[in-house]
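[1] Next comes the sequence, and after it the predicted model I'd like to discuss.
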Amino acid sequence: MVGKGSLTHNSRAFKAKNVKEDYTQYNIEYCNENIKAVYHELFDKALERYNEKQTRNDRKINDYYEKIRTSKQEKLFHEVIFQIGNKDDMNVQSENGELAMKILDEFMINFQQRNPNLKVFSAHLHMDEETPHLHIDFVPFVSESKRGLDTRVSMKQALASMGFKGGTKQETEWSQWIASEKQELAKVMERHGVIWKQKGTHRKHLSVLDFEKREREKEVQILTSQKEEISQSIQEIQKTVSSETKDLKRLQGKKQEIQQEIIKLSADKKVTEKNIHVIRENPAWQLPEPAALTTAKIYRDKKAMPLLEKVKEALVAALVRNVQLIEAADKLKQQVERLQRNINYLEGRVKQEEEKNLSLSTDLTDFERLKAGLGEQEVKAVIEGQKAAEMCLTVPKQYKKTEVSL
């Protein structure tokens, strides 16, 4: 039903006589923002753009809140009240009253998401009167308007932006929207084992227009979430690919340096082998034949011992160099193997990220196509509704099926 919009009553700043103060502690306050602050948030930028276009000062709007407050066409805000059953079948003091509270709470959780063009600034679930009921106060607005402010207050256009087009006196935008919200509430009720007993109405199902609107919203919500994830993933992948490509180039350069070292060591080995050949063949490294009349002692001291010392020094140096070459070759071989493993790993990662990037880009392209088909305005509206939903679903509890009216 349509509420009177008494914000002080809803927040319990003012308590009516029918309020059971002992039960006020069980009330739930979802939000209670200052309506003027909400107007600033929604319309200040649009008001600034509007005033900049005006060439006459008398056409400029100083205070959009005051303009709407004194307007005969639009209201500052609207209130809607949702209640399940009555004091006889859903009394707050009964177990069914607790059930009604859980149903209304679950229904409220996704209200803003379902209705992105209705800015909820005050919402309260009352458990301190005869029957649990939900007060929702909101400012209806439309974006990209061609008349007046490009973002302005309009109940009719807000509902139209969400797919409720109206057309007849019986099928107005408001009546279609109320029927749609009742259907949403009925779905929650059914999950809790409560059946909507529809009195005085033959509209048991949403119209085709409403159904299609809901399906489009679900698709847009899913794709909006996917788009944000895809955009973030693409940025992360691009950073990862850039970083790992640099690492890959650095490791490939290091590998080339190590390969040059191995070539150098191979050259040193050839020099060593050449020196060994020189030692074997060069006369300077051979013992000369003893001269006539040379004693063994003189031959040993003058010829044999100096050559032996020279050979020992060369042999030790060769052995040390050989050990160094073997150790260096082993280390370089291990480095090459490790670097090759890193290069293979990074090349695989880069390939995986590029494939993932291609897949995500395809999904993003599909989203842009959907946005082009549905219209950017509706997509933006759903995105804003998604951002505004800040509450979490409660776990449904099974109850005995009960029939109640809305």
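    Noted; the coordinates are in hand.
[2] And the strands in the stretch 151-300 of the chain, which stretches?
    152-153, 194-196 (DSSP state E, counting those that start in this stretch).
[3] which of the ones you listed is buried the deepest?
    Greatest average neighbour count among these goes to strand 152-153 (a mean of 24), per mean count of other Cβ atoms under 10 Å. All C-beta atoms are positioned from the backbone trio N, CA, C, and that covers glycine.
[4] name the helices or strands packed onto that strand?
    Applying 3 or more Cβ pairs under 8 Å, 6 or more residues apart in numbering; DSSP states H and E, one finds that strand 152-153 contacts helix 35-53, strand 133-142.
[5] got these as TSV, with mean pLDDT and distance to residue 344 columns?
    Output for the helices and strands packed on strand 152-153, formatted as TSV (pLDDT from 0 to 100; distance: least, Cβ to Cβ, whole Å):
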stretch	mean pLDDT	distance to residue 344
helix 35-53	94	54
strand 133-142	94	57
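[6] Same list (these) but as TSV, adding mean neighbour count.
    Shown next, in TSV, are the helices and strands packed on strand 152-153 (neighbours: other Cβ atoms under 10 Å):
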stretch	mean neighbour count
helix 35-53	15
strand 133-142	24
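[7] Which of those sits closest to residue 192?
    Nearest to residue 192, of all those, is strand 133-142, at 15.2 Å by Cβ to Cβ.
[8] and the direction of that closest one versus that of helix 35-53, what angle?
    Between strand 133-142 and helix 35-53, the angle comes out at 10 degrees (axes from the mean of the first three to the mean of the last three Cα atoms, to 10 degrees).
[9] and strand 133-142, what does it pack onto?
    Using 3+ Cβ pairs under 8 Å, 6+ apart as the contact test, the elements touching strand 133-142 are helix 7-11, helix 35-53, strand 78-83, helix 95-109, strand 118-126, strand 152-153, helix 155-161.
[10] out of the strands of the stretch 151-300 of the chain, nearest to residue 332?
    Counting by Cβ to Cβ, residue 332 lies closest to strand 152-153 out of the strands of the stretch 151-300 of the chain; the figure is 74.1 Å.
[11] Strand partners (parallel or antiparallel) of that closest one?
    The strands beside strand 152-153 in its sheet (DSSP bridges) come out as strand 133-142 (antiparallel).
[12] Using PDB, write down the CA coordinates of the strand it pairs with.
    Extracted C-alpha coordinates of strand 133-142, given in PDB (Å, rounded to 0.1, in the frame of the first residue of the first chain):
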ATOM      1  CA  HIS A 133       5.300  -4.500   8.000                       C
ATOM      2  CA  LEU A 134       7.900  -2.700   6.000                       C
ATOM      3  CA  HIS A 135       8.100   1.100   5.300                       C
ATOM      4  CA  ILE A 136      10.200   2.000   2.200                       C
ATOM      5  CA  ASP A 137      10.800   5.700   1.400                       C
ATOM      6  CA  PHE A 138      12.500   6.500  -1.900                       C
ATOM      7  CA  VAL A 139      13.200   9.300  -4.300                       C
ATOM      8  CA  PRO A 140      12.300   8.300  -7.900                       C
ATOM      9  CA  PHE A 141      14.700   9.700 -10.500                       C
ATOM     10  CA  VAL A 142      15.500   9.400 -14.200                       C
END
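[13] returning to what we had before: export the helices and strands packed on strand 152-153 as a markdown table, with columns for distance to residue 167.
    Shown next, in a markdown table, are these (distance: least, Cβ to Cβ, whole Å):
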| stretch | distance to residue 167 |
| --- | --- |
| helix 35-53 | 28 |
| strand 133-142 | 18 |
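[14] Quick check: which of those is nearest to residue 257?
    helix 35-53 (58.5 Å).
[15] Check residue 129 and give its pLDDT.
    Note for residue 129: predicted pLDDT of 83.
[16] count of neighbours near it?
    Look at residue 129: counted by other Cβ atoms under 10 Å, it has 17 neighbours.
[17] Could you do residue 330 as well?
    Around residue 330 there are 10 residues (other Cβ under 10 Å).
[18] next one: residue 160
    Residue 160 has 16 nearby residues by other Cβ under 10 Å.
[19] cool, and residue 332?
    Other residues close to residue 332 by other Cβ under 10 Å number 16.
[20] Same question for the one 3 residues further on.
    Other residues within reach of residue 335, judged by other Cβ under 10 Å, total 15.
[21] Let's verify it: helix, strand, or coil?
    Under DSSP: H, G, I helix; E, B strand; the rest coil, the three-state class of residue 335 is helix.
[22] All further residue positions should be reported with the first residue as 38.
    Shifting the count to begin at 38 puts that one at residue 372.
[23] where's it relative to residue 362, distance?
    15 Å (Cβ to Cβ, to the nearest Å).
[24] Then residue 256?
    Per Cβ to Cβ, residue 256 is found 69 Å from residue 362.
[25] One more: residue 122?
    Using Cβ to Cβ, one gets 93 Å for the distance from residue 122 to residue 362.
[26] Just want to know which of those two has more residues nearby.
    Between residue 122 and residue 362, counted using other Cβ under 10 Å, the more crowded position is residue 122 (23 against 15).
[27] Tell me if the more buried one really is in a helix.
    No - Residue 122: not assigned to a helix; according to three-state DSSP it is coil.
[28] pLDDT at it, what is it?
    85.
[29] what does residue 186 give?
    pLDDT for residue 186: 92.
[30] Now do the same for it: helix, strand or coil?
    Under three-state DSSP, the three-state class of residue 186 is coil.
[31] quick one: it and residue 98, what's the gap?
    8 Å.
[32] Look at those two and report which has more neighbours.
    More crowded of residue 186 and residue 98, by other Cβ under 10 Å: residue 186, with 23 against 15.
[33] re earlier: joint contacts of residue 186 and residue 98?
    Common contacts of residue 186 and residue 98 (Cβ atoms under 8 Å, 6 or more residues apart in numbering): 84, 87.
[34] Surely residue 189 and residue 181 touch.
    No - in this structure, residue 189 is not within contact of residue 181 by Cβ atoms under 8 Å, at 10.3 Å.
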